[in-house]
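Novice: Build me a structure from this.
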Amino acid sequence: MTKRVFLIVLDSFGIGYEPDADKFGDVGANTLASIAKDPGFAAPNMASLGLFNLDGVQCGAPVRPIAGSCVRLQEASNGKDTTIGHWEIAGVESERALPTYPDGFPPEVIEQYEKLTGRKVLCNKPYSGTEVLKDYGEEHMRTGALIVYTSADSVFQVAAHEEVVPLEQLYEYCQMARDMLKGEHGVGRVIARPFVGSCAADFKRTSNRHDYSLKPPAKTMLDYLKAAGKDVIGVGKIYDIFDGEGLTEKIRTSGNTDGIRVMLELADRDFEGLAFINLVDFDMIYGHRRNIPGYAAAASEFDRGLGALLKKLRPGDVVMITGDHGCDPGFTKTTDHTREYVPLLVAGPEVKKDNNLGTVLGFGAIGRTICTALGVKAKLDGQDLAAKIFD
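Specialist: Now for the predicted structure:
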């Protein structure tokens, strides 16, 4: 029987555009194909688990036989963002896309926020998180007004200098925004974006970012596992994505390298249940910034960590590697996420070998399969693949 599951989300690791990508403006996007061309890309461990054997993947060299089970997953929800992707992974599909604001937030939203905080708002446009500091940071320092901006994602971001707006106050302002943004304007995440520096030339964001997410609209895999007495350990931004729901422990990380370190430390730890790990740098640092070499190097770094993890597996352990959407660094029409299939690579002592399950609709197959593997009954969206994956 399965005792420990390591579910690792390579944030934005898509493997080719989906059939409905035209509705999202993403026809032609393929994150994996873009990074696989880079000379710095090397992923022998993911390849051994079937990454290049998956349906539709035409880059890289297929491996036969593969050392585990693999499947290509198609998103069932109406969206291509982190929140909806992770909710679906955890067994909750979303029919309604979360709201986005390509022209900025409407005046009534900004006016209400200014009244709540007692501070004026600067910017109110979709913006790069680094460029917005160059263009508005000095005015913020002079006036104390909050820099509010969005992106192609469903986010309300608030940037403030740590010496102008103390962290706890910024967090309070973001909680005000989270409480305010419900219903029609229920964005997926409100994000505190603190920064430091003396002028536009040296402003930089700090690691004190904090996300305030919507609560999932229904019980997820995490809730069912926690109720059954299992350990549910959220690593990286998992706590923020689920607003803490269903977790028994949270471990924050400073980026991919730190997340991989935590992943390997957890492999040496006794627990029974789920370690749910998000590696955000793929998306935040490389995907949105259309940095192919950086994305390729990050994938190679993870693959080396995966090799170390596979050597640490015990009887009853399962490793699952997937993505939550795409963010093709080679797709230059936008800097947005891309509507793509994602991989599911599964390894472990009791996992069937040389087992390619083709294509399955719904990321929820992950949550359903994990609950079954851990012996927990759950009512979730998605197909249960446990009988097809485990010996």
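Novice: what packs against the helix or strand bottoming out on mean pLDDT in the chain?
Specialist: Between all helices and strands in the chain, the lowest mean by mean pLDDT, DSSP states H and E belongs to strand 210-213, at a mean of 90. Under the contact criterion of 3 or more C-beta pairs under 8 Å, 6 or more residues apart in numbering; DSSP states H and E, strand 210-213 touches helix 167-180, strand 189-196, helix 238-241. (C-beta placed from N, C-alpha, C; glycine too.)
Novice: need the strands for the stretch 1-150 of the chain, in chain order.
Specialist: In the stretch 1-150 of the chain, the strands defined using DSSP state E, counting those that start in this stretch lie at 4-10, 69-74, 121-126, 146-150.
Novice: Nearest to D281, out of those strands?
Specialist: Smallest distance to D281 across the strands of the stretch 1-150 of the chain (C-beta to C-beta): 9.6 Å, for strand 4-10.
Novice: All the strands of the stretch 251-391 of the chain, in order from the start?
Specialist: Using DSSP E, counting those that start in this stretch, strands in the stretch 251-391 of the chain cover 273-279, 317-322, 342-347, 355-361.
Novice: for the second one, which positions count as buried?
Specialist: It refers to strand 317-322. By 16 or more other C-beta atoms under 10 Å, the buried positions in strand 317-322 come out as 317-322.
Novice: Local confidence estimate at the closest residue in space to L116 that isn't next to it in sequence?
Specialist: Once flanking residues are discounted, L116 sits nearest to M176: 4.7 Å by C-beta to C-beta, 6 or more residues apart in numbering. For M176, the model assigns a pLDDT of 98.
Novice: Would you mind measuring from M176 to T150?
Specialist: Separation of M176 from T150 (C-beta to C-beta, to the nearest Å): 17 Å.
Novice: for A218, same thing?
Specialist: With C-beta to C-beta as the criterion, A218 and T150 are 26 Å apart.
Novice: neighbour count winner among these two?
Specialist: T150 (23 against 15; other C-beta atoms under 10 Å).
Novice: pretty sure the more buried one contacts A159?
Specialist: No. Using C-beta atoms under 8 Å, T150 is not in contact with A159, being 11.6 Å away.
Novice: quick one: contacts for F105?
Specialist: Applying C-beta atoms under 8 Å, 6 or more residues apart in numbering, we find F105 in contact with 124, 148, 150, 156, 185.
Novice: for the fourth one, helix, strand, or coil?
Specialist: By that I understand F156. Using DSSP: H, G, I helix; E, B strand; the rest coil, the structure places F156 in strand.
Novice: my read: F276 touches D231, true?
Specialist: No. Look at F276 against D231 with C-beta under 8 Å: they stay out of range, at 10.5 Å.
Novice: any residues touching the top helix by length along the chain, and which ones?
Specialist: In the chain, with assignment by DSSP state H, the single longest helix is helix 292-312. With C-beta under 8 Å, 6+ apart as the test, helix 292-312 has contacts from 6, 8, 10, 13, 31, 34-38, 40-46, 256-257, 260, 263-264, 267-268, 279, 281-282, 285-287, 319, 321, 329-330, 347.
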